[in-house]
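J.: dropping a prediction and its sequence here:
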Amino acid sequence: MDPQQLRTDQFSSYQDVKYSIIFSADLINHLIPIRNIIIINNNNNNNNNNNNNNQHHVNCDDEEEQINKQDVKRSEKILSSIEVNKDNQQNHNHHHNHNHQNDSSSSKKKSNQTNLEKYYHQQQLNSDRSGPPEIRPEEITFEELIGTGSFGKVYKGRCRQKSVAVKLLHKQNYDAATLAAFRKEVHLMSKIYHPNICLFMGACTIPGKCVIVTELVPKGNLETLLHDEKIQLPLYLRMRMARDAALGINWLHESNPVFVHRDVKSSNLLVDENMQVKICDFGLSALKQKHKMLKDQSSAKGTPLYMAPEVMMFKEFNESSDVYSFGIVLWEILTRKEPFSHHRELEKFREAVCVKHERPPIPHDCLDLLRKLIERCWDKDPARRPSFKEIISCLDHIIVDAAISDLRGREFWKKCFLTEQEVPWESFIDALCEWSKVPTRNQCEKTSTEYLNIKCLKAILADSPKSEGTGVDNVVNIEKFGKILEFFGPMCASGEGPSLMEIVREILAQKWFHGYLETVDAASRLNGQPVGSFLVRFSSTNSGCFTISQVVNESGLIKHQRVARLGNKLNYQGINYSTLIEIVQKNGGGNNGDVRLDASLGVPNYKFMSLFCPSTPGADTY
Ligand SMILES: Nc1ncnc2c1ncn2[C@@H]1O[C@H](COP(=O)(O)OP(=O)(O)OP(=O)(O)O)[C@@H](O)[C@H]1O
């Protein structure tokens, strides 16, 4: 085929740089997304490598070959016995006349049946030793199509009464080498177990019926989620997802032998019902010994958009090429945009990335640590890129920065709970009291103001744990802590000003303060109240802001007015105030017919009032 045609007809869109490819050295300007090209090259590579034993690097496929040799040999024997038998049968049939066709096809069926039984039996034995669990084709039912890649189609399906994902390879008329490669992928997958790696459940390795069965990860791939503007994904959550992915890849890199994934990209990161990320697609993965380098002899594997320059240029590489790809993914997670979307042609793209070192632009308002991490990950020098161990520890800090904007709040959380996103209330409050240098729960009298301060903070900050049976009654979530600080901050260290607990107690003591309350609930609490009645609540749409809901006329019309946050100030009707209490004080008292914020018309919040006076009537009402 004319290589020019390859480029112009099929490979001239942005999509070309988005999908996994294997492209050969002589056709470097052209994308060849055909999986069996690797296989052909693999055979060549083996020969090349055999003739060239003094190299420092290892040809990817030879390295894996050695590591997997024994297992592959075992299954190859069985498969070839089936294939030889099938061929014999075909030749046999060919020479028979029509009259004998029924007989021969039934004996063929029988013989194949026996061979399949042998095959399953042997696979069973293999899996008892360490091999992949073999799944019979008739055990799988296909439901809807959930994804398409360059290698196969992925269906939602059922296997042994369980919902699963079934990857069906595009090309089923495999030759022996292709089959060996498929079995290698299955074999690799069967060796990895980690919560952030898509669970491999089994495979059918019968020629013509090759499928991979994995757990079904319900929210699909991260790329689709990121680029769907309708889906809310706060930075904090996105950074947690990045950390999940990093944990999965780190597991591969710290395995012995080392797994290099080789196709790290957002469409290979799957998202489960708890927004936990799992890495999938080991179709291009390579195994290597620690400290050794890999080199593609005549075919580069991966997805160009995410491919490290050294891989694109057929240089030696190692696991740090996954780090480069992760840098691009991090950028995508940060911006929710397509990386390099202005590029159309592979050759120009390759030159831009490898020669001119072009990288996607990082937004100005990016968190400092995150900017530095992304820049280090996609460094042109692989040796300067961080390991995934380092990436995870950077992400621990970035997650805190993304959840908590208050500087002292960040400092506190990092010092006490760096790697945690949810902590038991008791651990939290003891740590906070120590950090603020105020008496802890056990150090103060139950009737003291200090104890009341703690009770107030608990009322506004602690939640029931999401999962049951943990033995913990209340927890503090980092994101909620960050939000509370946006409402009540800035947080002060000892000697700098009042503690967070004191500030919260002062506000909760105001009967008109209702905290978290939706607009409809505010309306129902004000329903039937006299003109001027009001309550103050957290704004449900703008973090750090408040809403004053008030009855403004005799017919019961309710107005909701925003108290905006401008730095440390609160802005109400164009005037800046220091606290909510000041707003109510300065806008109270009736005059010239306006509806004012008369504190006596504040609608009481019995829940908070009961903290101050345990016998408050109606404390259980809300
Ligand atoms: N276990 C799973 N659960 C849910 N969806 C899945 C699962 N596995 C794959 N998918 C969906 O199918 C898509 C393609 O899967 P996969 O990447 O394994 O195929 P591929 O042919 O190897 O693709 P590529 O060309 O990207 O290498 C994924 O992006 C995802 O949307």
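T.: Done, it's in.
J.: kindly report the domain assignment for this structure.
T.: Segmentation of the chain into domains, based on the TED database, reads 127-216, 218-403, 417-505, 510-612.
J.: and the ligand, which of those is closest to it?
T.: Counting by Cβ to the nearest ligand atom, the ligand lies closest to domain 127-216 out of those; the figure is 1.8 Å. Bear in mind the C-beta positions are built from the backbone N, C-alpha and C, glycine included.
J.: which ones are touching Met201?
T.: 133, 135, 159, 164, 213-215 (Cβ atoms under 8 Å, 6 or more residues apart in numbering).
J.: surely it is in a helix?
T.: No. Membership of Met201 in a helix is not supported by DSSP: H, G, I helix; E, B strand; the rest coil, which gives strand.
J.: how about the helices of the stretch 301-450 of the chain, start to end?
T.: Along the stretch 301-450 of the chain, the stretches classed as helices by DSSP state H, counting those that start in this stretch are 309-312, 320-335, 346-354, 368-377, 388-403, 407-417, 425-436, 449-461.
J.: for stretch 262-277, buried residues please.
T.: 262-272, 276-277 (16 or more other Cβ atoms under 10 Å).
J.: go on, stretch 596-607?
T.: 596-597, 599, 601-605, 607.
J.: same deal with stretch 152-161?
T.: Applying 16+ other Cβ under 10 Å to stretch 152-161 flags 152, 154-157, 159 as buried.
J.: in strands only, show me those.
T.: Among the buried residues of stretch 152-161, the members falling in strands (DSSP state E) are 152, 154-157, 159.
J.: Lys483: which of these is nearest?
T.: Lys156 (36.5 Å; Cβ to Cβ).
J.: give me the number of residues near the residue nearest to the closest one when sequence neighbours are not counted?
T.: Leaving aside its sequence neighbours, Lys156 sits nearest to Glu143 (Cβ to Cβ, 6 or more residues apart in numbering; 4.5 Å). Residues lying near Glu143 (other Cβ atoms under 10 Å) number 13.
J.: same question, Gly471
T.: Gly471 has 7 nearby residues by other Cβ under 10 Å.
J.: element containing it, please.
T.: Here Gly471 sits in a region with no helix or strand, counting by DSSP states H and E.
J.: close to the ligand: what parts of this structure are there?
T.: For the chain, the residues in contact with the ligand (Cβ under 6 Å from any ligand atom) are 19-20, 146-147, 149-152, 154, 165, 167, 198, 214-217, 220-221, 263, 267-268, 270, 280-281, 283.
J.: low pLDDT regions in the stretch 251-400 of the chain?
T.: 288, 298-300 (pLDDT under 70).
J.: who touches the closest residue to Asn576 other than its chain neighbours in this structure?
T.: Nearest in space to Asn576, with sequence neighbours left out and distances taken as Cβ to Cβ, 6+ apart, is Lys569 at 4.2 Å. Lys569 sits next to 576-578 when contact means Cβ under 8 Å, 6+ apart.
J.: swap in Phe340?
T.: 17, 305, 349, 352-353, 358, 360.
J.: also Pro530?
T.: Contacts of Pro530 (Cβ under 8 Å, 6+ apart): 551, 601.
J.: what's the pLDDT at Gln172?
T.: Gln172 is assigned 67 on the pLDDT scale.
J.: just to revisit the earlier point, could you dump the buried residues of stretch 262-277 to JSON lines with secondary structure?
T.: What follows is these, written out as JSON lines (three-state DSSP):
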{"residue": "Arg262", "secondary structure": "coil"}
{"residue": "Asp263", "secondary structure": "coil"}
{"residue": "Val264", "secondary structure": "coil"}
{"residue": "Lys265", "secondary structure": "coil"}
{"residue": "Ser266", "secondary structure": "helix"}
{"residue": "Ser267", "secondary structure": "helix"}
{"residue": "Asn268", "secondary structure": "helix"}
{"residue": "Leu269", "secondary structure": "strand"}
{"residue": "Leu270", "secondary structure": "strand"}
{"residue": "Val271", "secondary structure": "strand"}
{"residue": "Asp272", "secondary structure": "coil"}
{"residue": "Gln276", "secondary structure": "coil"}
{"residue": "Val277", "secondary structure": "strand"}
